[in-house]
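In: pasting a predicted model and its sequence here:
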Amino acid sequence: MLAQSAKYFVPDPSKRMIWGSFALLFLALGAASWMNGASSGRWVVLVGFALLLVMLVGWFSDVIGESESGQYNRQVDVAFRWSMSWFIFSEVMFFAAFFGALFYARNLAVPWLGDIDHKILWPDFSSTWPTSGPTGEKFTPMNATGLPAWNTAILLTSGVTLTLAHHALRADHRRPLLIWLGATVLLGVLFLFLQADEYAHAYHELNLKLSTGIYGTTFFMLTGFHGFHVTIGTIMLITIWFRCAKGHFKPDHHFGFEAVAWYWHFVDVVWLLLFILVYFL
Amino acid sequence: MSQTTAAAVGHAHDHAHDHGDHGHGHHPTGFMRWLTTTNHKDIGSMYLWFSFTMFLMGGVLALGIRAELFKPGLQLWHPEFFNQLTTMHGVIMVFGAIMPAFVGFANWLVPMQIGAPDMAFARMNNWSFWLLPPAALLLVISFFVPGGAAAGGWTLYAPLTSQMGPGMDLAIFALHILGASSIMGSINIVVTILNMRAPGMTLMKMPMFVWTWLITAYLLIAVMPVLAGAITMTLTDRHFGTSFFNAAGGGDPVMYQHVFWFFGHPEVYIMILPAFGIVSHVIPAFARKPLFGYSSMVYATSSIAILSFIVWAHHMFVVGMPAAGVLFFMYATVLIAVPTGVKVFNWLATMWRGSMTFETPMLFAVGFLFVFSMGGFTGLVCAIAPIDLQIQDTYYVVAHFHYVLVAGSLFALFSGAYFWLPKWTGHMYSESLGKLHFWLSLIFFNITFFPMHFLGLAGMPRRIPDYATQFADFNMIASIGAFGFGLSQLVFLVAVLKCVRGGEKATAQVWEGAEGLEWTLPSPAPYHSFEVPPQVK
């Protein structure tokens, strides 16, 4: 039951969120003990993760239910639009920190390590990118042509198929909607599969690891966080595919769909930057 | 939709009663009420009580520091534990006390001041708050793990943080959770302000507190993810073999400082801009004049926010950077004095020829003006690179940032608390307790921190548990002041508890000169502030 006035939507008290707080507490405690050698910590992490999952699924179900039963007016719709934009902005800033680290390392830190002062410490170090640092192992950097180029094509195509799905939704053509959206999901999964293959290639054949100095660090952290975001995005796409299949969303009222599309395009843009700054240059 | 404010208020009040009869019948009571609440006032109160608890906790740590520094030599603590005290005092005061206190004010006031029923995302609001206790718990637990709590300073500089025990990981996770809470809270506040203003309330008619919080929330959304990035890099450097801050792998510990201060400098404005907002309400109310230069205040706040992104390396002058970099960051920093000066002059001009009275909120606001301005001036001194090379990491810097954080942010919080307490509780607070609290705070604050300027100029380094004997006198004075200041805060606790439990009934208007939508609501304000939007002319 909702304490709703004629004008505003105000949700009732809810027991869900507190479980999310317990979840994060368990995740933090479990991860901290796991990382410091207490392997039983992983079970605490697992419990925390499961709790978080249950809480988020429940929360989103509430929101979907309220939306589908028509309790959200225009103002709530605008609130969702604003909040998704600001959330994506916060994600942009998160990636900015890591791109900033890459910039700093390539243009400042590594050249400084090769200067005359450091010659005393590390006479054989040549400060050219890519590098694993003065004490790092030999490795082969990732080539931009090949898999990464394919992955670029795949993600760009998935942006197109998602837009086609959006057009189909607006025209109320449900079958093409499901087909194009399904194609987007498949392309997302394919991207992740190829990315995993690329990581295996890097570890086994290129001797390129997370611990391979600053190159390995920036390469895996940037592509890894991107891959994590693609994973989240793919789960979001699968969710709205099922919602579409159940007949959710109207041609004029489907912000849930658009929010996922915004997120997917954001992930797409991050990949383009990655492709240029991490792989190509 | 009602056409006048008065009608809307009446209507809102009726609704509140209706819900009291049936709607709230299903609402949990007791402790469950607070766990499950989606109400901005409940959540605001929880934020305020949480932050006050953390304030006392951080204060106890500070007294631990001052007790050790009471006289030269090592008396009470091992140096390692002293490092934990300074670090956790900073982390708890910044992330546990000051920031949540301002979010508590935002929760209480933003919906009332813009004529909305509640925050835009009431459930997310609940979660934003309930993420704080787990984070606080992690920080407390970190004291008891092997190696103790984080001890690298609240700035968590690499490579110190690459070396510590599990306490460091707990601090990192606590900061991640606090960051998630801040981002959700800020998105909520921004969306509430942009989307839920009453009809007729254009951006340039918004109350100053709402403006300052809009800009603060924008800063938070922009920089909290950067902090998350910085501490994630620390975490992977510690446990997963990355080389962000490890020169042997091609990284650079200085890089941590750049990423951290890109967050850290906007962060200090995050802690002062809402204080500016509060003072901009209190001074006009007790000068019985509208705020002088409203639009210049808005532009000055925005300028400070923009400048805050391009001054971070002034925290790093001694680290070493190209001369052009030093000059750029020095000039950019000094430039911030311009919009800040605009604000101070506007407050002075607001008081000019006003019919002023000095109730507790006004005392704290005027105290803020004096003492914060002094902190601003020492900030200018610190900004000058050649001088900063001398005073970096000395007690001069400690004096400077406590003048702006304690006498700035905290005094403004007290001012706002006394100002709006009658609206929140429906009772007047005890004016004599309030005045006692103010004068004790002001005097002991200056006894504590004023001597630190001299200590710093004479070269006493910060974060060191022992010191040369020539620093003994001033340190003893500062320690006495610190204990006095700490005890004075119990007066505030008593004043608030008394006010919550009873006292003279407050009218809706409360203060003769107060202006804004919140004063059109009855005291205490109804459960849902405005269920039908008031019309703003």
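Out: Sure thing, it's come through. Quick caveat, the model's predicted, so the values are computed rather than measured.
In: list the buried residues in stretch A:58-78.
Out: A:59, A:63-64, A:67-68, A:72, A:76, A:78 (16 or more other C-beta atoms under 10 Å in any protein chain shown). Yep, even glycine has a C-beta here, placed from its N, CA and C like the rest.
In: tell me, how many residues neighbour residue B:407?
Out: Residues lying near residue B:407 (other C-beta atoms under 10 Å in any protein chain shown) number 25.
In: likewise for the one 4 residues further on?
Out: Residue B:411 sits with 28 neighbouring residues when counted by other C-beta under 10 Å.
In: that one contacts residue B:364, correct?
Out: Yes: the criterion here is C-beta atoms under 8 Å, and residue B:411 meets it with residue B:364 at 5.1 Å.
In: walk me through the domains of the chain.
Out: No chain in the question, so chain A it is. The record, using automatic domain parsing to delimit domains, assigns chain A the ranges A:10-71, A:75-280.
In: you looked at the wrong chain, it should be chain B
Out: Split by automatic domain parsing, chain B gives B:1-28+B:507-537, B:37-271, B:276-502.
In: how about those domains, which one is nearest residue A:10?
Out: Proximity to residue A:10, assessed across these by C-beta to C-beta, is greatest for domain B:37-271 (5.1 Å).
In: now that closest one: how far from the chain's centre is it?
Out: In terms of C-alpha atoms, centre = their mean, to the nearest Å, the centre of domain B:37-271 is found 10 Å from the chain centre.
In: mean confidence score for it?
Out: Here domain B:37-271 scores 96 as its mean pLDDT.
In: distance of the residue of chain B most remote from its centre relative to residue A:217?
Out: Most distant from the centre of chain B: residue B:248, at 38.9 Å, with distances by C-alpha atoms, centre = their mean. Distance, residue B:248 to residue A:217, by C-beta to C-beta, to the nearest Å: 12 Å.
In: do residue B:386 as well
Out: On the measure of C-beta to C-beta, residue B:386 and residue A:217 end up 36 Å apart.
In: just want to know which of those two has more residues nearby.
Out: Neighbours were counted for residue B:386 and for residue A:217 using other C-beta under 10 Å; residue A:217 has more, 32 against 9.
In: run through the residues that contact that one.
Out: By C-beta atoms under 8 Å, 6 or more residues apart in numbering or on different chains, the contact set of residue A:217 is A:210-211, B:236, B:242-244, B:249, B:251.
In: same list, these, but as CSV with neighbour count and secondary structure please.
Out: Putting the contacts of residue A:217 into CSV (neighbours: other C-beta atoms under 10 Å in any protein chain shown; DSSP: H, G, I helix; E, B strand; the rest coil) gives the following:
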residue, neighbour count, secondary structure
A:210, 18, coil
A:211, 17, coil
B:236, 19, helix
B:242, 26, coil
B:243, 29, coil
B:244, 30, coil
B:249, 27, helix
B:251, 28, coil
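In: phi, psi for residue B:394 please.
Out: In this entry, residue B:394 is assigned phi and psi values of phi -110, psi 180 (degrees, to the nearest 10).
In: who touches the helix or strand bottoming out on mean pLDDT in chain A?
Out: Lowest on mean pLDDT, DSSP states H and E among the helices and strands of chain A sits helix A:116-119, with a mean of 86. Here helix A:116-119 makes contact (C-beta under 8 Å, 6+ apart) with A:112, A:125, A:134.
In: number of residues surrounding residue 41?
Out: Chain wasn't specified; assuming chain A. So residue A:41, with other C-beta under 10 Å, has 18 neighbours.
In: hmm, I had chain B in mind actually
Out: Residue B:41 has 20 neighbouring residues, counting by other C-beta under 10 Å.
In: now swap in residue A:26 and tell me
Out: Other residues near residue A:26 come to 22 when the count uses other C-beta under 10 Å.
In: likewise residue A:200?
Out: Look at residue A:200: counted by other C-beta under 10 Å, it has 10 neighbours.
In: what helix or strand does it sit in?
Out: Using DSSP states H and E, residue A:200 sits within helix A:174-204.
In: give me the phi and psi for the residue nearest the centre of chain B.
Out: By C-alpha atoms, centre = their mean, chain B has its centre lying nearest to residue B:98, at 3.1 Å. Backbone geometry at residue B:98, expressed as degrees, to the nearest 10, gives phi -70, psi -50.
In: tell me the spacing between the closest residue to residue A:187 other than its chain neighbours and chain B.
Out: Excluding its sequence neighbours, the residue lying closest to residue A:187 (C-beta to C-beta, 6 or more residues apart in numbering or on different chains) is residue A:158, at 3.8 Å. Distance of residue A:158 to chain B, given as C-beta to the nearest C-beta, to the nearest Å: 25 Å.
In: residues contacting residue A:158?
Out: Counting by C-beta under 8 Å, 6+ apart, residue A:158 touches A:183-184, A:187-188, A:191, A:264, A:268.
In: for those, pick the one with the most neighbours.
Out: Of the contacts of residue A:158, with other C-beta under 10 Å as the count, residue A:184 tops at 28 neighbours.
In: ok, that residue to chain B distance?
Out: Distance of residue A:184 to chain B, computed by C-beta to the nearest C-beta: 26 Å.
In: thought that residue was touching residue A:165?
Out: Yes: the pair residue A:184 / residue A:165 is scored as a contact, 6.4 Å apart, by C-beta under 8 Å.
In: so residue B:487 is in which element?
Out: Using DSSP H and E, residue B:487 falls within helix B:472-501.
In: what mean pLDDT does that helix get?
Out: With pLDDT averaged residue by residue, helix B:472-501 scores 97.
In: what packs against it?
Out: helix B:40-68, helix B:411-425, helix B:431-457 (3 or more C-beta pairs under 8 Å, 6 or more residues apart in numbering or on different chains; DSSP states H and E).
In: who does the last one touch, helix- and strand-wise?
Out: So that's helix B:431-457. helix B:360-383, helix B:395-404, helix B:411-425, helix B:472-501.
In: which strands and helices sit next to the shortest one?
Out: In other words, helix B:395-404. On a contact count with 3+ C-beta pairs under 8 Å, 6+ apart, helix B:395-404 meets helix B:360-383, helix B:431-457.
In: now tabulate the ones you listed in a markdown table and tack on mean pLDDT and distance to residue B:38.
Out: Shown next, in a markdown table, are the helices and strands packed on helix B:395-404 (pLDDT from 0 to 100; distance: least, C-beta to C-beta, whole Å):
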| stretch | mean pLDDT | distance to residue B:38 |
| --- | --- | --- |
| helix B:360-383 | 96 | 30 |
| helix B:431-457 | 97 | 32 |
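In: how about TSV for these, with mean neighbour count added?
Out: Listed next are the helices and strands packed on helix B:395-404 as TSV, based on neighbours: other C-beta atoms under 10 Å in any protein chain shown:
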stretch	mean neighbour count
helix B:360-383	21
helix B:431-457	20
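In: for the longest helix seen in chain A, the averaged confidence score.
Out: Counting residues, the longest helix found in chain A (DSSP state H) is helix A:213-245. In this model, helix A:213-245 carries a mean pLDDT of 97.
In: for the residue of chain A most remote from its centre, phi and psi?
Out: In chain A, the greatest distance from the average C-alpha position (C-alpha atoms, centre = their mean) is reached by residue A:120, at 42.7 Å. Backbone geometry at residue A:120, expressed as degrees, to the nearest 10, gives phi -60, psi -40.
In: which residues of the stretch 1-150 of chain B fall in helices?
Out: B:5-21, B:31-36, B:40-68, B:79-91, B:99-114, B:122-130, B:132-142 (DSSP state H, counting those that start in this stretch).
In: and among those helices, the most buried is which?
Out: With neighbours defined as mean count of other C-beta atoms under 10 Å in any protein chain shown, the helices of the stretch 1-150 of chain B peak in mean count at helix B:99-114, which reaches a mean of 27.
In: wait, does it contact chain A?
Out: No: using C-beta under 8 Å from any C-beta of the partner chain, helix B:99-114 stays clear of chain A, coming no nearer than 10.2 Å.
In: list of residues touching stretch B:438-455?
Out: Applying C-beta under 8 Å, 6+ apart, the set of residues contacting stretch B:438-455 from outside is B:66, B:360, B:363-364, B:367, B:371, B:378, B:394-396, B:398-399, B:402-403, B:406-407, B:411, B:414, B:471, B:474-475, B:477-478, B:480-482, B:484-485, B:488-489, B:491.
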